[in-house]
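K.L.:
I would like the atomic coordinates for the input below:
(one chain, ligands or ions: 1)
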Amino acid sequence: METSTWSERSQGENAVTGSILETVFPPNSLLSRPLNVKVRGSGIISVINEQDESGFCPFSNKGGTATSRPLPGGRFFYFLMRLKEVYTVRERLEALKAEALEELEQIGQTAQVQELRVKYLGKKGLLTEILRGMGKLSAEERPVIGQLGNEVRSAIESKLEEKKEAAERAEIEAKLASESIDVTLPGRMVHVGNRHPLTLVTEQIEDIFLGMGFTVAEGPEIETDYYNFETLNLPKNHPARDMQDSFYITEEILLRTHTSPVQVRTMEKMKGKVPVKVICPGRVYRRDNDDATHSHVFNQVEGLMVGENVRMSDLKGVLLNFARQMFGEGTEIRLRPSFFPFTEPSAEVDVSCSMCGGKGCRVCKHTGWLEILGSGMVHPRVLEMAGYDPEKYTGFAFGMGIDRIAMLKYGIDDIRHFYTNDVRFLKQFNRV
Ligand SMILES: [Zn+2]
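P.N.:
Have a look, this model is predicted:
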């Protein structure tokens with residue numbers, strides 16, 4: 001082919017691969033008149049005005065050396081036209097590359113990247129369309145343009161890849177930013193509850209008696225008449241029952257009026273073994289009209305000790321020890337004669353007022369003493385009914401209201417506070 005001759009003679013990479021931007025070509029005087037060709041090689045433009053004497057047309061350019069010898073007659077024109085054709089595909093390729101890279105620079109979403117991939121590199125894309133024109137090129141030109149096409153393709157591809165990664169990263173970051181938890185928001189307050197003042201006092205009482213070798217026993221709140229009264233020496237029609245009027249479920253079943261039945265049940269379980277040393281805390285019920293000092297439900301703890309040679313002095317020693325641990329080292333107790341059907345002798349136990357130290361104040365009604373306990377030696381008949389020989393064994397028992405102790409301990413003026421569940425009241429015992 002004509003151009004192959006030229007190509008063989010050409011020297012320097014820019015003779016063919018340099019971009020010819022413009023040709024000015026007098027149609028009828030190809031070789032006799034000055035030829036103006038602007039060549040861009042390596043991006044630098046040179047202007048060639050005329051061929052030299054030897055017939056060489058120096059395609060000089062500053063980016064590299066390119067010389068060519070014009071072919072005789074119309075061949076040079078043809079050559080230039082071929083060049084023009086090469087140039088057109090080349091220019092289109094480079095224009096496409098520039099356009100693609102510029103357009104890619106503008107975008108920021110993965111969907112747009114995909115859109116541009118189809119637009120430029122797709123089967124019906126712009127690059128394919130340009131390269132389709134390669135069929136018109138010569139066998140020599142084809143690989144050169146083919147290579148350029150590949151370069152353009154890979155340049156666009158790497159830009160696409162770069163933008164795709166950047167877009168994906170930006171999208172992930174945007175998603176993370178939109179879904180992130182704002183840790184600067186104040187958290188929801190978790191309200192931690194605390195134990196009820198009656199529970200606190202009950203546990204303190206239990207601790208004191210456990211320290212003296214007692215165990216803790218519990219029993220049913222729904223009790224039979226038999227355990228609640230009869231085994232405690234309170235037969236039917238006994239006048240003392242009036243003091244303990246309760247809530248009856250049937251004639252024989254009631255809500256227990258005291259924790260004393262647990263003492264009897266414990267003795268039954270022990271089957272005559274000694275010593276019995278037990279305290280029985282729990283809720284009890286009486287048909288009382290509620291006021292500042294009375295509640296139809298309240299808490300009691302009773303204690304029982306049965307064995308050989310258990311004496312009144314043991315009772316006094318145990319209660320004094322309890323009172324001093326509960327109310328303070330300097331606390332004194334005093335026993336006053338009293339009556340309970342299940343103990344004989346019986347005694348009310350007062351402790352010296354911890355508020356005024358015995359001098360007298362509003363709490364102790366200016367007596368210096370607080371009445372907190374009922375106690376006594378277990379009635380022989382009660383021992384007998386529980387299976388213990390009253391000739392061989394003796395025992396003492398005591399009982400106190402946990403509510404009353406809690407009221408004294410915390411200075412609470414109304415028993416009803418314990419049962420109305422006012423959180424403002426209850427949360428005051430957070431740190432006691
Ligand atoms: Zn007092």
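K.L.:
isn't Ile252 right up against Tyr226?
P.N.:
Not quite, residue 252 is Glu, not Ile. Yes. Applying C-beta atoms under 8 Å, one finds Glu252 in contact with Tyr226, separated by 7.4 Å. Bear in mind the C-beta positions are built from the backbone N, C-alpha and C, glycine included.
K.L.:
more neighbours: the two, which one.
P.N.:
Using other C-beta atoms under 10 Å as the criterion, Glu252 and Tyr226 rank with Tyr226 on top: 14 against 11.
K.L.:
what's the closest non-adjacent residue to the residue of the stretch 151-300 of the chain found nearest the ion?
P.N.:
When C-beta to the ion is the measure, the stretch 151-300 of the chain has its nearest residue to the ion at Thr293, with 16.2 Å between them. Sequence neighbours aside, Ile415 is the residue nearest to Thr293 in space, at 5.9 Å (criterion: C-beta to C-beta, 6 or more residues apart in numbering).
K.L.:
and the pLDDT for the one you found?
P.N.:
Looking at Ile415, its pLDDT stands at 91.
K.L.:
so it sits against Ala292, correct?
P.N.:
Yes. Under the criterion of C-beta under 8 Å, Ile415 lies in contact with Ala292, with a separation of 6.5 Å.
K.L.:
the two - which one has more neighbours?
P.N.:
Shown here are Ile415 and Ala292; by other C-beta under 10 Å, Ile415 has more neighbours (20 against 12).
K.L.:
quick one: contacts for that one?
P.N.:
Contacts of Ile415 were listed using C-beta atoms under 8 Å, 6 or more residues apart in numbering, and they are 292-295, 298, 403-404, 407.
K.L.:
quick one: it from Leu116, how far?
P.N.:
Applying C-beta to C-beta, to the nearest Å, one obtains 83 Å for the distance of Ile415 from Leu116.
K.L.:
likewise Asn430?
P.N.:
Relative to Leu116, Asn430 is positioned 67 Å away (C-beta to C-beta).
K.L.:
which one's more surrounded, these two?
P.N.:
Regarding Asn430 and Leu116, a neighbour count based on other C-beta under 10 Å identifies Leu116 as having more, with 22 against 10.
K.L.:
A helix includes Lys119, no?
P.N.:
Yes. Under DSSP: H, G, I helix; E, B strand; the rest coil, Lys119 falls within a helix.
K.L.:
any idea of the pLDDT on the residue nearest to Val301 when sequence neighbours are not counted?
P.N.:
Distances taken as C-beta to C-beta, 6+ apart put Pro281 closest to Val301, at 4.1 Å, once the chain neighbours are dropped. Per-residue confidence (pLDDT) for Pro281: 95.
K.L.:
what lines up beside the helix or strand hosting Pro281 in the sheet?
P.N.:
Taking DSSP states H and E as the criterion, Pro281 maps to strand 276-285. With DSSP bridges as the criterion, the sheet partners recorded for strand 276-285 are strand 215-216 (parallel), strand 297-307 (antiparallel).
K.L.:
let me see the domain layout of the chain.
P.N.:
Following the assignment in automatic domain parsing, the chain carries domains at 2-178, 197-429.
K.L.:
in the longest helix seen in the chain, which residues are buried?
P.N.:
In terms of residue count, the longest helix belonging to the chain (DSSP state H) is helix 141-179. If you call a residue buried by 16 or more other C-beta atoms under 10 Å, then helix 141-179 has these buried ones: 141, 144-145, 148-149, 152-153, 156, 159-160, 163-164, 167.
K.L.:
likewise for stretch 245-264?
P.N.:
Taking 16+ other C-beta under 10 Å as the basis for neighbour counts, the residues of stretch 245-264 that come out buried are 246, 254-264.
K.L.:
alpha carbons only: can I get that stretch in PDB?
P.N.:
What follows is stretch 245-264, C-alpha atoms only, in PDB (Å, rounded to 0.1, in the frame of the first residue of the first chain):
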ATOM      1  CA  ASP A 245     -60.400 -11.100 115.600                       C
ATOM      2  CA  SER A 246     -59.300 -11.900 112.000                       C
ATOM      3  CA  PHE A 247     -60.400 -12.600 108.500                       C
ATOM      4  CA  TYR A 248     -62.100 -15.900 108.200                       C
ATOM      5  CA  ILE A 249     -62.200 -17.900 105.000                       C
ATOM      6  CA  THR A 250     -64.400 -20.600 106.500                       C
ATOM      7  CA  GLU A 251     -65.300 -21.400 110.100                       C
ATOM      8  CA  GLU A 252     -62.000 -23.300 110.500                       C
ATOM      9  CA  ILE A 253     -59.700 -21.400 108.100                       C
ATOM     10  CA  LEU A 254     -58.500 -17.800 108.600                       C
ATOM     11  CA  LEU A 255     -55.700 -15.400 107.900                       C
ATOM     12  CA  ARG A 256     -53.300 -16.000 110.700                       C
ATOM     13  CA  THR A 257     -53.400 -13.400 113.500                       C
ATOM     14  CA  HIS A 258     -49.800 -14.000 114.700                       C
ATOM     15  CA  THR A 259     -46.800 -16.000 113.700                       C
ATOM     16  CA  SER A 260     -47.200 -18.300 116.800                       C
ATOM     17  CA  PRO A 261     -48.600 -21.200 114.800                       C
ATOM     18  CA  VAL A 262     -45.200 -21.500 113.100                       C
ATOM     19  CA  GLN A 263     -43.700 -22.100 116.600                       C
ATOM     20  CA  VAL A 264     -46.100 -25.000 117.100                       C
END
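K.L.:
contacts for that stretch?
P.N.:
217-228, 231-232, 244, 278, 280-282, 284-287, 296, 300-302, 304, 342, 382, 385-386, 397, 399.
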